[in-house]
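Q: what's the 3D shape of this:
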Amino acid sequence: MRMRTAGMLAGAFLVLVLSSVGCSVSQLLARQPAATVTPTRTPRPTWTPVGGGLRVATPTLDPTRFPAPPVAAAAAATPQVFVPGSGQPIFVPQSPGGAIPGVQTVVVIIVTATPPPPATGTPPPPPPPTTRPGPTPTPGPPTATPTITPTPLPPVIVEVTVDQANVRQGPGPTYPIVTRLDIGTKITVVGRNGAGDWWKVCCVNGADVWIAASVTSVEGPLWAVPEVMNIPPAPPVPTNTPTPAGPTPTPTYAWPFRVEGVPEVNTLGQNYFRIDAVIYNGATPYWGYKLRVRKLFTGQEWLSDGSSSYWTWTVTAWPNDGKNVNPTTDCPSPRTGLLCQKSNLKWDSNGVGVSMDDDVWEVTVADGAGTPQSAPVRLNTSATNSKWYYIVFTSRK
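A: Numbering: from 1, shown residues only. A predicted model of the protein is given here:
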């Protein structure tokens, strides 16, 4: 009995001792500070917003690194939703009772938004409608070219701008001096040298001479002045230049046309004034020129028709061979005893109803507009001795 009682007491004591030791150990463990664990921080990810936020997987504890006694099952953790740009913290759950800190393993699921399809550009406008060409106009008949009456150019005139300007035989200071002209003298240009610094003028004592362009002013169609090609070489310069003797000749105005020879006079036998004229360049008849005829005592004046481009013939002496004469065919090559005169313009006062009378008549070559182109030719007429006149006008060109 005593042995049983002693055994029970010993057992109780042993239990008490063990309990005390266990409490001390528990208190010792409880007082010991917990070890500090520095978790490895995952770099903050770059969030791509999708539908207002990203869903993050639920954090879990790593039991291999931090073992813990089995605990009662805790309530399921609520997934954390992060709002991009909000700066909200990440919460790390602990073991039940907060005894063991946990390490959060964050798994981030990045959802990349599907980019919207590229914007479709504005379609190009439809091409403009093709315009059908209209009908091609059919040209009408060509317009007839009007016949233009040739009008000769006005003469080119030089005026001496210095006193006692030298006039020479050729275009240069080494040619002999013919005469000297006073300032203001006007004379007609008929040619130029190749350099264009000397004018060939007409006329001094009936001859063409030269004057330097530097001592003159000029007016008129210069482009129409021809270049003189056959200029004789300048003579050697004499030691002493003689002074021209005698009075200074007076230059005359050179009209485009001049009288060739002396007008011929033929018996008419009727009391009216008649002119047969030749207007040509020495060989070819000129077409379109007219005669200005003036009766001085009465002051009447007339303008003839235009000259023709062909010759008409007038027989002035007949052969005595008994053959008929056809002026058109016989006059160009006259036979013995046949005398003919050619002309390309005729005028008589009978056509205007005026008698010849004792008077003075002036005959001048004019262009198609009636502008004089020659010096007037004066003819004295007599009613008791009527004549008709034959005048040849030659162009200076």
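
Q: so, low pLDDT: which residues of the stretch 1-150 of the chain?
A: 1-8, 10-150 (pLDDT under 70).

Q: show me where this protein has helices.
A: With DSSP state H as the criterion, the chain has helices at 2-31, 327-330.

Q: what about the nearest residue to F257 once chain neighbours are set aside, neighbour count?
A: Leaving aside its chain neighbours, F257 sits nearest to S374 (4.0 Å; criterion: CB to CB, 6 or more residues apart in numbering). No exception for glycine: its C-beta is placed from N, CA and C like everyone else's. Number of residues near S374 (other CB atoms under 10 Å) recorded here: 23.

Q: OK, contacts around S374?
A: Listed by CB atoms under 8 Å, 6 or more residues apart in numbering, the contact set of S374 reads 255-259, 364-365, 393.

Q: repeat that for K342.
A: So K342 contacts 278, 311-314, 331 (CB under 8 Å, 6+ apart).

Q: bridging residues for it?
A: W313 (DSSP bridges).

Q: mind checking how far it is from V315?
A: Here the criterion is CB to CB, to the nearest Å. By it, K342 lies 11 Å from V315.

Q: so what sits against both of those two?
A: C331.

Q: re earlier: and the residue nearest to F257, how close does it get to A283?
A: Going from S374 to A283 by CB to CB gives 18 Å.

Q: check K323 too.
A: According to CB to CB, K323 stands 30 Å off from A283.

Q: also E219?
A: Counting by CB to CB, the gap from E219 to A283 is 31 Å.

Q: more crowded one of the two?
A: When neighbours are counted by other CB under 10 Å, E219 and A283 differ, and E219 comes out ahead with 13 against 6.

Q: and that one, what does it touch?
A: 156-157, 159.

Q: how about a cut-off of 7 Å?
A: I157 (CB atoms under 7 Å, 6 or more residues apart in numbering).

Q: show me what it is bridged to.
A: Bridge pairing for E219 - DSSP bridges - gives I157.

Q: report pLDDT for T312.
A: Here the pLDDT value assigned to T312 is 93.

Q: number of residues surrounding it?
A: T312, neighbours per other CB under 10 Å, totals 16.

Q: from T316, how far off is E260?
A: Taking CB to CB, one finds E260 at 18 Å from T316.

Q: then D367?
A: For D367, the distance to T316 (CB to CB) stands at 30 Å.

Q: those two: which has the busier surroundings?
A: It is D367, of D367 and T316, that has more neighbours when counted by other CB under 10 Å, with 19 against 13.

Q: can you pull the contacts of the more buried one?
A: Contacts of D367 (CB under 7 Å, 6+ apart): 151-152, 289, 373.

Q: list the beta-bridge partners for V360.
A: N380.

Q: dump the residue contacts of it.
A: Here V360 is in contact with 296-297, 378, 380 (CB under 7 Å, 6+ apart).

Q: farthest pair in these?
A: Distances among these were taken as CB to CB; the most separated pair is F297 and R378, at 12.4 Å.

Q: one step back: which of the contacts of D367 are buried? Put it as a ChimeraX command.
A: Buried subset of the contacts of D367, written as a ChimeraX selection, criterion 16 or more other CB atoms under 10 Å:
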select :152,289,373
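
Q: how about the contacts of D367 in TSV, adding distance to T384 and pLDDT?
A: As requested, the contacts of D367 are exported to TSV (distance: CB to CB, whole Å; pLDDT from 0 to 100):
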residue	distance to T384	pLDDT
T151	41	70
P152	39	71
Y289	33	95
Q373	34	91
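
Q: from the contacts of D367, pick the one nearest D182.
A: Distances from D182 to these, taken by CB to CB, are shortest for Q373, at 27.3 Å.

Q: ok, for W287, nearest residue in space, not its chain neighbours?
A: In space, W287 is closest to S309, 3.8 Å off (CB to CB, 6+ apart).

Q: E264 now?
A: Nearest to E264 is Y390, by CB to CB, 6+ apart, at 4.1 Å.

Q: which residues does the one you found contact?
A: 263-264, 266, 276, 341.

Q: most neighbours among the residues you listed, please name it.
A: Greatest neighbour count in these, by other CB under 10 Å, goes to D276: 21 neighbours.

Q: any idea how far that residue lies from A366?
A: 17 Å.

Q: T312 now?
A: When distance is defined by CB to CB, T312 is 20 Å away from A366.
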